[in-house]
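Enquirer: sequence below, structure please.
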Amino acid sequence: MSGRDTHIGLAHGNGGRLMRQLIEELFARYLGNPHLDTSLDAAHVPFDGDGTLAITTDGFTVQPLEFPGGNLGSLAVHGTVNDLAVSGALPRYLSLNVFIEDGTEMAVLERLVASMGQAARDCGVSVVAGDTKVVGRGECGGVYFATTGIGTRQPGVELGVDRIRPGDRILVSGPVGDHGAAVMLARGEFGLSGDLASDSASVLPTAGALMGVEGLRFMRDPTRGGLATVVNDLARLTGMGIRLGEENIPVRESVAAACEVLGFDPFYLACEGRIVAVVAEDVAATALEALGDVAPEAAIIGEMTPEERSVVLQTSLGGERILDELEDDPLPRIC
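Expert: Numbering: from 1, shown residues only. The predicted structure is shown next:
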């Protein structure tokens, strides 16, 4: 850790530079082993000779616990399933750890767990193990969920940043920033209201469609830190540059309007039902066609370039700006 990081702050959990440094310089330093790869959403580990398991783990904390388009329960399932899906795996089993604050309404907890169960059934996964802890008042934000997901690697699917080449195209499967903006408005802290809903959903159909495209290089779901964090990670891990076209990136008018009023950037807001993918240049149109009905708002938003580790956004006004790594936490407790 850098010399000035003597205490943990909210920004250490936002998906940006400080969280990356925390993971790489503290956790990986002490826990590193041949199977620990902090650049992946899910680890692929061998078992029984030729088989490969995909394993992911995540924690979920959101305020409010229930928001338009979902709640903590469905969010936990979708987030775990999606991390497996974008790694090229078929999700099968989940474990669940629940941390409940003393005084939480039983009716609220029941709604969260019922929603989790329905989401798991919809995604074709089973919750097979779990643990419950109750903590004192003021020691928790109502309810926290922590999950581990196990899946099986899809045969013939090879994904990774090492496969990305200059000229490859970057696509997003739908409008960005919906989840972050919906949670922001649901808090009622800013005097704004609207009918925005989170995009919280399984990306299994989208990932399945993309995995049928020869020339698919990489997939990631843009959760904490949003689209901007994914593309900055790509630039850092590949050593290449990225050029994005602002006019090509789908953003709902209601999300853009809320961000303009409150001073947020939708490119840094979390999505919970989208995929950012990198595909070979000559199959970009094929990839959009393959998405068809499962992601009709998908768009090609940019390309990989030989320039070193820079993310340049060509603005709708014809100028350019650097899309930097996320530093501060603009919207804590969203996933």
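Enquirer: and the end-to-end length of stretch 194-203?
Expert: Using CA to CA, to the nearest Å, the end-to-end distance of stretch 194-203 comes to 25 Å.
Enquirer: stretch 53-62: how far from the chain's middle?
Expert: With CA atoms, centre = their mean, to the nearest Å as the basis, stretch 53-62 stands 11 Å off its chain's centre.
Enquirer: how about it: buried residues?
Expert: The neighbour-count check on stretch 53-62 (16 or more other CB atoms under 10 Å) flags 53-56, 58, 60-62 as buried. For the C-beta atoms, the positions are set from N, CA and C on the backbone; glycine is no exception.
Enquirer: looking at those, which two lie furthest apart in space?
Expert: Across those, the longest distance by CB to CB is 28.4 Å; it joins 53 and 62.
Enquirer: dump the C-alpha coordinates for the strand ranked longest in the chain into CSV.
Expert: When the chain is parsed with DSSP state E, its longest strand is strand 89-101. Written as CSV, here are the backbone C-alpha positions of strand 89-101 (Å, rounded to 0.1, in the frame of the first residue of the first chain):
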residue,chain,number,x,y,z
ALA,A,89,-18.7,-20.8,-17.4
LEU,A,90,-22.1,-22.3,-16.9
PRO,A,91,-23.2,-21.4,-13.3
ARG,A,92,-24.5,-24.4,-11.2
TYR,A,93,-24.2,-23.8,-7.4
LEU,A,94,-24.1,-21.0,-4.9
SER,A,95,-23.3,-20.7,-1.2
LEU,A,96,-24.6,-17.9,0.9
ASN,A,97,-23.4,-16.1,4.0
VAL,A,98,-25.9,-13.7,5.6
PHE,A,99,-25.1,-10.9,8.0
ILE,A,100,-28.2,-9.4,9.6
GLU,A,101,-28.4,-6.4,11.9
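Enquirer: any chance of the buried residues of stretch 53-62 in JSON lines, plus pLDDT and distance to residue 78?
Expert: Compiled in JSON lines, the buried residues of stretch 53-62 are given as follows (pLDDT from 0 to 100; distance: CB to CB, whole Å):
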{"residue": "53", "pLDDT": "87", "distance to residue 78": "21"}
{"residue": "54", "pLDDT": "89", "distance to residue 78": "16"}
{"residue": "55", "pLDDT": "91", "distance to residue 78": "17"}
{"residue": "56", "pLDDT": "93", "distance to residue 78": "13"}
{"residue": "58", "pLDDT": "92", "distance to residue 78": "10"}
{"residue": "60", "pLDDT": "94", "distance to residue 78": "10"}
{"residue": "61", "pLDDT": "92", "distance to residue 78": "15"}
{"residue": "62", "pLDDT": "93", "distance to residue 78": "12"}
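Enquirer: of the residues you listed, which belong to helices?
Expert: Secondary structure from DSSP state H places none of these in helices.
Enquirer: quick revisit: can you give me the buried ones in the longest strand of the chain?
Expert: Within strand 89-101, the residues scored as buried using 16+ other CB under 10 Å are 89-92, 94-101.
Enquirer: can I take it that residue 27 is in a helix?
Expert: Yes: counting by DSSP: H, G, I helix; E, B strand; the rest coil, residue 27 is located in a helix.
Enquirer: for the host helix or strand of residue 117, packing partners?
Expert: Assessed by DSSP states H and E, residue 117 sits inside helix 106-123. Contacts defined by 3 or more CB pairs under 8 Å, 6 or more residues apart in numbering; DSSP states H and E place helix 106-123 against strand 66-67, strand 70-71, helix 72-85, strand 89-101, strand 126-135, strand 143-153.
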